[in-house]
Every structure is written in C-alpha cells, then in structure tokens.
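Q: Sharing a sequence plus its predicted fold:
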Amino acid sequence: MAEESKPEVRVLGMAPEAGRWLLVLVGLTIQLCLGAIYAYSVFKGPLAKYFASIGDKPSDTAMLVPYIVFLAVFGVSMPLAGKPMEKYGPRVVAAIGGVLVGLGWFLASFATSPVLLAVLYGVIGGLGVGLAYGCPIAVSTRWFPDRRGLAVGLTVLGFGFSAFLTGKLADWLMASRGGVMPTFKILGVMFLVITVLLSLLLKFPPKGWTPAGWTPPAPKAGAPAAEKVELDRGQMLRTGSFWGLWACYTIGTLAGLMAIGIAKPVGTDLGIASATATTLVGIFAVCNGVGRPIFGWLTDKLGVRNTALLSYVLIGGASVFLWQAWSQTAYVVAFVLLWACLGGWLALAPAATASFFGTKDYARNYGVMFTAYGAGAIIGSVLAGQMKDIFGSYLNVFPIVAGLAVLGIVIAVALVKPPRALAASEAKPAESK
C-alpha cells in the first residue's frame, strides 16, 4: 500500500526524489542564519569600543561572556526541541526558534554592557538556535534514508560557512551603516525574516515513505538492520552504542572547537602577521564547512565506525605533526585538518544517531547526543587555557589531543556500532507524537 501512495507525495510541488533536495537547500540557508554566532570575533572589538564610549570598559574575559553564554544555552536548549518537534512538526519549532534568533540579535543592539548583551544576545539568541538547529537536520534524515550522511552534511554546511559569510557581511555593514549596534538590528531583522519564512517549507515525509527504487540494506546474519531499529530516548540511553558515540563525538568536537578558539593566537605565536592570521582563520572556516558534506558522504560509503576512525587518524596525525614541527606550514596543515574534522563530526554524529537508533524519536535522541558538543567545547577550551597558563604556549596541548584521538579509536572500535543486543530483545517502534 505504501508503494501505491508514493505518487501522491509532493515536495514543494515536485516529485519527492527531486523536491527533497530543495529541502536540503532550505535547511542549509536556515543554518547560515543560525551559525552567525561563529562570527562573534568580528563583533568583539567594536562592541568593546562601543561599551567604552558609554562609560563601561570591559575586560577581554568579560567580552567573551556573551559568546560563552550563547553556546551554552544553545547546547542545553537543543534537547528541549525534540518533543515539540514530534508533536507540532519541524516548521513550528523552527519558526519559533527563528523568531527568538532574530529577537536576540535585534535586542542586542540595546545592550549597554557585556552582562546585558549576554542576556539579550546569549540567552535569547542561544535559545532560538537551540530550538531551530535540529529541525532541518531531522527533516534531512527522514527524507534521505538512502543518502543520509550526505544530506545531513549538506544541511549543516550552512552553519559551518556562516562565520565566513556573516563576518564579511558584518564588516561591510559596520563600515557603511553606522557601527556595530545598527548592524545587530539589521542582522536581527534579516535572520528573523529568512528563518521564519523558510521554516514554513519544512516537513517530514509520510510514515513509511522511501525513495522510489530504494530498499533498506539487508541485515547481516544474526543481526537486525540498523535502519529498522527504532529506539526512544530512554532505550537509547541504555545502550553502549549511545555512550560510545557520545564519547567519540565529544573527542571529535573537543579537538575542533579548541582549534577554533586558539587558531589566531597560535598563528601569531608562530610569527604570522595578524592580518594574515585572520585571513587564514577565514580559510579554516571554509574547511570546516566543506568537511561536513565530505564526511557525510564518507559516512554513507564507509560506514559510521570507519569514518570515525578516519577522523581520529587525521586529528591525531595533525596534532603530532604540529607538535613536532611547530612551524607555520605545520600550523596551516594541522588547522585545516582539525577544522575540517570538526565539521565532519557535525555531519557524522547526526547521521549515525539516525542510523543506529532510528528516526521516529530522532529529534529527542539527537538533542541528547548533541550535549557532547557542549562537553567538547568546555573541555577543549579549559584544556587549551590551562596549557597556555602553565607552559606559556599552546604547543603542549597537541600531544594531549593526539592521545585523545587514540582513545577515540579504541572507543570507536569497541562501541561505535548498531545496538544489536537491545535491538533484538527490547527495540520497539517509538511512539508517534
């Protein structure tokens, strides 16, 4: 019967096999708006000057608080979107998130201190990103059971590219539209309108839909097909597969988020001019974006575990190379790989979550899985800061990252696999909401 209903399914007025790619483009564009947080470094200096001009002279640490609060609220709030997304659909949740993102940026223009900026921009904007971020990803995972990794990678490509594109746009706006605060207003309105309008196009496929001519891969002997496993959040948390993937995700994002935080100072420590280092950071951001569809495609071709192992080989190799060579060439090569692998994990992990635990409770499942991102951000930042404080250089953080990559390989080999035992004995379809 499912086969008979397929011709009736339309996506944006097109056959689903073609129209679903437009949904990927819609999701990518939404992610471009959400990922503007990664361009915060562009605003940091102008904001500090603005606050100083009105009587407040914030420290460098104080100026980082809005950014840290934004990322923290983003990570914490993402699991909250799961249940409403299943009940009301992705377009409603994404639209609400888009409104909050736009309000956060717009209201930030009225901030008179870093603390107020952290509340208006960090809390409101971070909550909006947390609610909206998973919606396009969930849509892609359901429309692309056959090319899940590639579809998710292309969807989150927008988040990775946003730092580069938003940074360039913000520089132009600040120069031509009266400074940093008017720029926040313009970006806020733009993000709200784009995100809300595009959110209205998001939708899940009908239950049981599959692309024409595609059938799920046959299960291996004695094991259920990973594609057919449907675990709810509670069941997922009782599997070693979840904890293995969560730990691997933490290590992968730890290395990349640490690299984002120290990219420019490491370059200048090695004698690279400040302007050149800034340009290189923009190039690294592009690598972060490109890594997402590449690793998504590799996940489809090589499988989750093998792609994870490849990422750790690259992370470990890059870290050892930079540690031993400690040169400008080694810096460029290593940071290209570290940023690309971060993007890779942001495509690999959501695709793996859907493949291992199913799509019916995906929004809540990946919301929990995404807490690894927050853990990686905190651990990576603290680790890099401690090494700098103790040794006066970031050099000694890289052998530690290499060691963590080896640990990631061990965990991936042992635990990153479909939850076969639970799937055989306990798995049952997650309740539709």
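A: Perfect, I can see it now. Residues are numbered from 1 along each chain as shown.
Q: quick one: the helices in the stretch 201-350 of the chain?
A: 233-237, 240-269, 274-302, 304-325, 328-357 (DSSP state H, counting those that start in this stretch).
Q: Tell me which of those helices sits nearest to Ile378.
A: Each of the helices of the stretch 201-350 of the chain was scored for nearness to Ile378 using C-beta to C-beta, and the closest is helix 240-269 (8.9 Å). Placement of C-beta: from N, CA and C, glycine included.
Q: Which strands or helices does the closest one pack on?
A: Helices and strands touching helix 240-269, as assessed by 3 or more C-beta pairs under 8 Å, 6 or more residues apart in numbering; DSSP states H and E, comprise helix 274-302, helix 304-325, helix 328-357, helix 362-369, helix 371-391, helix 397-415.
Q: Using TSV, please lay out those together with mean neighbour count, mean pLDDT and distance to Leu165.
A: Below are those laid out as TSV (neighbours: other C-beta atoms under 10 Å; pLDDT from 0 to 100; distance: least, C-beta to C-beta, whole Å):
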stretch	mean neighbour count	mean pLDDT	distance to Leu165
helix 274-302	20	88	9
helix 304-325	21	95	25
helix 328-357	25	93	15
helix 362-369	25	90	25
helix 371-391	18	82	21
helix 397-415	19	94	28
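Q: what about the nearest residue to Gly252 once chain neighbours are set aside, distance to Asn288?
A: In space, Gly252 comes closest to Trp345 once its chain neighbours are excluded; the distance is 3.6 Å by C-beta to C-beta, 6 or more residues apart in numbering. From Trp345 over to Asn288 the distance is 11 Å, taken as C-beta to C-beta, to the nearest Å.
Q: list residues touching both of these two?
A: Here Trp345 and Asn288 have Gly256 as joint contacts, going by C-beta atoms under 8 Å, 6 or more residues apart in numbering.
Q: Go ahead and confirm the residue nearest to Gly252 touches Thr253.
A: Yes: using C-beta atoms under 8 Å, Trp345 makes contact with Thr253 at a distance of 5.7 Å.
Q: which residue packs closest to the residue most central in space within the chain, ignoring adjacent ones?
A: Nearest to the centroid of the C-alpha atoms of the chain, with distances taken as C-alpha atoms, centre = their mean, sits Leu346, at 4.7 Å. Nearest residue to Leu346, sequence neighbours excluded (C-beta to C-beta, 6+ apart): Val156, at 5.3 Å.
Q: host element of the one you found?
A: Element membership for Val156, per DSSP states H and E: helix 148-176.
Q: Distance from the chain centre to that helix, please.
A: Relative to its parent chain, helix 148-176 has a centroid offset of 12 Å by C-alpha atoms, centre = their mean, to the nearest Å.
Q: average model confidence for it?
A: Rounded to a whole number, the mean pLDDT of helix 148-176 is 89.
Q: other SSEs contacting it?
A: Packed next to helix 148-176, using 3+ C-beta pairs under 8 Å, 6+ apart, are helix 16-34, helix 40-53, helix 126-143, helix 180-199, helix 274-302, helix 328-357.
Q: mind listing what's buried in it?
A: Applying a neighbour-count criterion of 16 or more other C-beta atoms under 10 Å, one finds 148-167, 169-170, 173-174 buried in helix 148-176.
Q: Was I right to think Gly376 contacts Leu254?
A: Yes: the pair Gly376 and Leu254 qualifies as a contact (C-beta under 8 Å) at a distance of 3.8 Å.
Q: circling back: is it possible to get TSV of the helices and strands packed on helix 148-176 that adds distance to Leu322?
A: Formatted as TSV, the helices and strands packed on helix 148-176 follow (distance: least, C-beta to C-beta, whole Å):
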stretch	distance to Leu322
helix 16-34	30
helix 40-53	21
helix 126-143	31
helix 180-199	34
helix 274-302	13
helix 328-357	4
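Q: Nearest to Ala72 among these would be which one?
A: Ranking those by proximity to Ala72 (C-beta to C-beta) places helix 126-143 first, at 7.1 Å.
Q: which other helices and strands contact that closest one?
A: Helices and strands touching helix 126-143, as assessed by 3+ C-beta pairs under 8 Å, 6+ apart, comprise helix 16-34, helix 60-77, helix 82-88, helix 90-108, helix 148-176, helix 180-199, helix 328-357, helix 362-369.
Q: give me that answer again for 7 Å
A: Using 3 or more C-beta pairs under 7 Å, 6 or more residues apart in numbering; DSSP states H and E, the elements in contact with helix 126-143 are helix 16-34, helix 60-77, helix 90-108, helix 148-176, helix 328-357, helix 362-369.
Q: Domain-wise, how is the protein divided?
A: Split into domains by automatic domain parsing, the chain comes to 13-199, 228-425.
Q: Thanks a lot, catch you later.
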